[in-house]
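Colleague: A predicted structure for the sequence below; I have some questions about it.
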Amino acid sequence: MSNALEGDRLSMSSTALQVLPSLGGIGGTKFRSLVQEGFRRRQPESPLEWMPKHIRFPDGWEETRFDFDKCPHVRGFIELFVLDPSKRKANLPWATRLAKTTTLEGLVMWKADQDPVPMAALFPDNDSLAAVDDHLYPVFEACAPIAAQLPPKNLRNKRSVRLKNCTIRLASGGKKSSVSGFPSQWVVKFEHDKTNLRKSSEGDPSARLDSRTSGFCRNVKIMEEGTPCDKHLSRAHALMIAEDVQQVHFWVQCPHCKQFQTLHHDNIEWDKNEHGRSEAGLAAKTAWYKCVHKSCRIEDHHRTAMMQSGRWLIEGQRIDKNGKISGQPKVDSDTMVFGPLSKLYSLLIKGWGTIAAELVAARHAWALGNDKLIRKCYAETLGLPWDPQRRTVRTNDLAVRLRSDDHPERGVIPPWASFLTFTNDVGKIAEELLFYWMVTAWGGNCRGAVVDWGIWQTRQTFLKEWAAAQYQLGAEYFKIFGQPSCVDSGSYSLEIYELCRPIKNCYPSKGDTNSKAVDLYWPGYQRQGLSPRELELKKKANAHDLLYINSHLTQEWRVGLTEGRITPEMPGFVSLPADVCDSWQDHEDFLEELTADSYVDGEWIGENNEFGDTLRYARALAQCFTGNGKRWGKLPSLSNSSRIGPRFFSRSGAAPADPDRQHFVQGFK
């Protein structure tokens, strides 16, 4: 009965509106239409149309407007995630030059203009949050629909962006209170892997911000972007290996065979120099990409069409030559990981050569013990989390990797050698010192060869055997005494200081875990028994008498060598005698010590690693003797007539006897 009455009432109202006289030129029918339109929910414009139309970049930026043709991978992300109401969370582990930050900023602006909701933006730390005036606000000001909603500059702050239609809360991973106390239906997180990782979700700023969406039952979007950090700390990596998350990868079509494939940096090819070695400059000029299916040669001019052909495929799906997608996603989930996506997919770089040059430079620096470039390359170029932990290395694999035909026999110095190093790790049995020693030949472009190794017990035996030790060099024998030498003084400082003091070119050494250091070594001063005044005078005299060895960088170099990432043509390669490699079963104890240390939870741990340590010391000492690498390839071949004369760095700080030959301390940084 009530429904019937209601229907009659609506019918009468409709009739009344139709017969209303004209009011201000608007008839009853027109008035009814306007009322209905006012109450109808506005259909937002698609971000695929809105973003290129409205997003402009501030003056001075490389690009002037948002263009899907220059970042085609973004279009697929919007289609698969943003426009799908069933998806809640997405992570973008993308390298640099892929518009990941611009994409999230653009989506926030689109949402604020077309379908405003409460939003929040998380920055990794307080410094990033403080920089919103230099980046976020200028981007908003360059977009006309958003600029019209911004408050005047004198009313802006770093807690929130108060637009006319909605508010965007600004939060910092370094300030717990900034992620509390407000609801958010949309959340964006910039450089997410750099946000402090906490053990509990209660203290984790990212998890706390996610909880602010719990009051909304639908249309929640959480988007995270950033380059990955170390694997054991990476939030992105945790999602990449999660079984309940959809993994999505970008497939592009080969311009020749038309097969779709994902891109990998190992498929970049470039020319080598006349010595068969890679050079960054040459790689930048000659790089091309090899198709994974038929080895087609893909040049730079193919890149634009190739990337614009790309399609995002959820794990479990397939794509044929015609671009037809088949199969079902392996996992049904509202959380997605789009990547990792490397710089190979970027149309904002010059070409394949940009990546090739970065790879060569990073690998060469790593070969010299500097892991900073390779870490940066993994994150910013490859979009991959760096794994600092050592993988298991079998002794037979090590024998294959470190074998070289130009180093045939143990106890024989290779003819290409320019100098030797004699390095020692020290232990103790009862009251007697135990010396684990290694003789290594060095020459050319940081090329090394382990000549011999062994153990001598007692100080007297050590000095006697060392003084007598000689090795075959061509048709003659060469004594190693007087060559650059160091003895680890870690646990036995006073005894080792006393032992080294009268011996030319022999210096006590200590490991140092200074993570900010960029060199394999640095000079120091023995402090025992000295007053502050005496130590100050010693420093003023530049009287270095202690060699600090960068434990982390030399360990990284050792791991790179034993895992085969440093190959014979690269600087920093050290070979084992071929006869030892051929009979590796007889030397398993020695080979195992070269791989004994592992990087676990931010520190190096291991047992029975003495010969691995002597190998690290040899690498640092060789870098020290060559003036931090400045004299590699400039030293004459080793012979009895070219034996080292003066000390290679000064203990006293006095002027050298030969005014044309400066003490090696000049080479320290």
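Modeller: Arrived safely. Numbers count the residues shown, from 1 in each chain.

Colleague: Lowest mean pLDDT among the helices and strands, pick that one out for the chain.
Modeller: Counting by mean pLDDT, DSSP states H and E, the chain has its least confident helix or strand at helix 2-19, which shows a mean of 46.

Colleague: Low-confidence ranges, the stretch 51-200 of the chain, go.
Modeller: 176-177, 197-200 (pLDDT under 70).

Colleague: now the strands for it?
Modeller: Assigned by DSSP state E, counting those that start in this stretch, the stretch 51-200 of the chain shows strands spanning 89-92, 119-123, 160-162, 167-172, 186-189.

Colleague: Just the C-alphas of the fourth one, formatted as CSV.
Modeller: In other words, strand 167-172. Provided in CSV are the C-alpha atoms of strand 167-172 (Å, rounded to 0.1, in the frame of the first residue of the first chain):
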residue,chain,number,x,y,z
THR,A,167,43.6,16.4,2.2
ILE,A,168,46.8,14.5,1.6
ARG,A,169,48.5,13.7,4.9
LEU,A,170,52.4,13.8,4.8
ALA,A,171,54.2,11.3,6.9
SER,A,172,57.8,10.3,7.6
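
Colleague: Neighbouring strands of that strand in the sheet, and parallel or not?
Modeller: Paired strands of strand 167-172, with direction, are strand 119-123 (parallel), strand 160-162 (antiparallel) (DSSP bridges).

Colleague: Over to the last one?
Modeller: Its sheet considered, strand 186-189 pairs with strand 119-123 (parallel), strand 221-225 (parallel) by DSSP bridges.

Colleague: Give me the distance from it to the chain's centre.
Modeller: Between the centre of strand 186-189 and the centre of its chain there are 24 Å (CA atoms, centre = their mean, to the nearest Å).

Colleague: which residues sit against it?
Modeller: Residues outside strand 186-189 that contact it (CB atoms under 8 Å, 6 or more residues apart in numbering) are 104-105, 107-108, 111, 117-122, 195, 206, 209-210, 212-213, 220-226. All C-beta atoms are positioned from the backbone trio N, CA, C, and that covers glycine.

Colleague: any idea how far the nearest residue to R156 once chain neighbours are set aside lies from E62?
Modeller: Of all residues not flanking R156 in the chain, Y137 sits nearest, at 6.8 Å (CB to CB, 6 or more residues apart in numbering). As judged by CB to CB, to the nearest Å, Y137 and E62 stand 19 Å apart.

Colleague: And the two? Which one has more around it.
Modeller: A direct count of neighbours by other CB atoms under 10 Å for Y137 and E62 places Y137 higher, at 17 against 7.

Colleague: need the contact list for the more buried one.
Modeller: L150, R156, V161.

Colleague: my guess is the first one contacts L163, does it?
Modeller: Just to be clear, that refers to L150. Yes. Assessed by CB atoms under 8 Å, L150 is found in contact with L163 at 6.7 Å.

Colleague: Of those two, which one has the most company?
Modeller: Each of L150 and L163 has its neighbours counted (other CB under 10 Å); L163 has more, 20 against 17.

Colleague: Is it correct that the more buried one is in contact with P116?
Modeller: Yes. Between L163 and P116 there is a contact under CB under 8 Å: 7.4 Å.

Colleague: my read is P44 is in a helix, agree?
Modeller: No. Assessed with DSSP: H, G, I helix; E, B strand; the rest coil, P44 is coil; it does not lie in a helix.

Colleague: what's the spacing between the closest residue to it other than its chain neighbours and V559?
Modeller: Nearest in space to P44, with sequence neighbours left out and distances taken as CB to CB, 6+ apart, is Q114 at 3.6 Å. From Q114 across to V559, the span is 51 Å (CB to CB).

Colleague: per-residue pLDDT, the nearest residue in space to D512 that is not next to it in sequence?
Modeller: Counting by CB to CB, 6+ apart, D512 lies nearest to Y548, which is 4.6 Å off, once chain neighbours are set aside. In this model, Y548 is scored at 92, pLDDT.

Colleague: which residues sit in contact with Y548?
Modeller: Contacts of Y548 (CB under 8 Å, 6+ apart): S509, K510, G511, D512, Y521, W522, P523, G524.

Colleague: Let me see the contact set for the first one.
Modeller: Taking CB under 8 Å, 6+ apart as the definition of contact, the neighbours of S509 are C486, V487, D488, S489, L546, L547, Y548, I549, Y617, A620, L621.

Colleague: Tell me which stretches of the stretch 351-500 of the chain form helices.
Modeller: 352-367, 372-376, 395-401, 459-468, 493-500 (DSSP state H, counting those that start in this stretch).

Colleague: Give me the angle between the fourth one and helix 493-500.
Modeller: With axes from the mean of the first three to the mean of the last three CA atoms, to 10 degrees defining the directions, helix 459-468 sits at 30 degrees from helix 493-500.

Colleague: in helix 459-468, what counts as buried?
Modeller: F462, W466 (16 or more other CB atoms under 10 Å).

Colleague: which residues are contacting it?
Modeller: For helix 459-468, the external contacting residues (CB under 8 Å, 6+ apart) are F422, E432, L433, F435, W437, W456, I480, F481, E495, L499.

Colleague: low pLDDT regions in the stretch 351-500 of the chain?
Modeller: Checking the stretch 351-500 of the chain against pLDDT under 70 turns up 367-369, 389-392.

Colleague: Okay, now the unreliable bits of the stretch 551-669 of the chain?
Modeller: 601, 642-669.

Colleague: hmm, try it at 80
Modeller: In the predicted model of the stretch 551-669 of the chain, residues 598-603, 606-607, 640-669 satisfy pLDDT under 80.

Colleague: Ignoring the adjacent residues along the chain, who's closest to the residue positioned nearest the centre of the chain?
Modeller: In the chain, the C-alpha nearest the mean C-alpha coordinate belongs to R375, at 3.0 Å (CA atoms, centre = their mean). Using CB to CB, 6+ apart and skipping the chain neighbours, the partner closest in space to R375 is W386 (4.9 Å).

Colleague: Surely that neighbour and K376 touch.
Modeller: No. Using CB under 8 Å, W386 is not in contact with K376, being 9.1 Å away.

Colleague: Which one's more surrounded, the two?
Modeller: W386 (20 against 16).

Colleague: For S234, see how far away the more buried one is.
Modeller: For W386, the distance to S234 (CB to CB) stands at 9 Å.

Colleague: May I see the buried residues of stretch 280-293?
Modeller: Buried-residue list, stretch 280-293, by 16+ other CB under 10 Å: A280, L282, A283, A284, A287, W288, Y289, C291.

Colleague: So which of those residues belong to strands?
Modeller: Per DSSP state E, strands hold the following members of those: W288, Y289.

Colleague: of all the buried residues of stretch 280-293, which comes closest to M51?
Modeller: The closest of the buried residues of stretch 280-293 to M51 turns out to be Y289 (CB to CB; 29.2 Å).

Colleague: And the residue nearest to the closest one when sequence neighbours are not counted, what's its pLDDT?
Modeller: Leaving aside its chain neighbours, Y289 sits nearest to I298 (4.2 Å; criterion: CB to CB, 6+ apart). The per-residue pLDDT reported for I298 equals 97.
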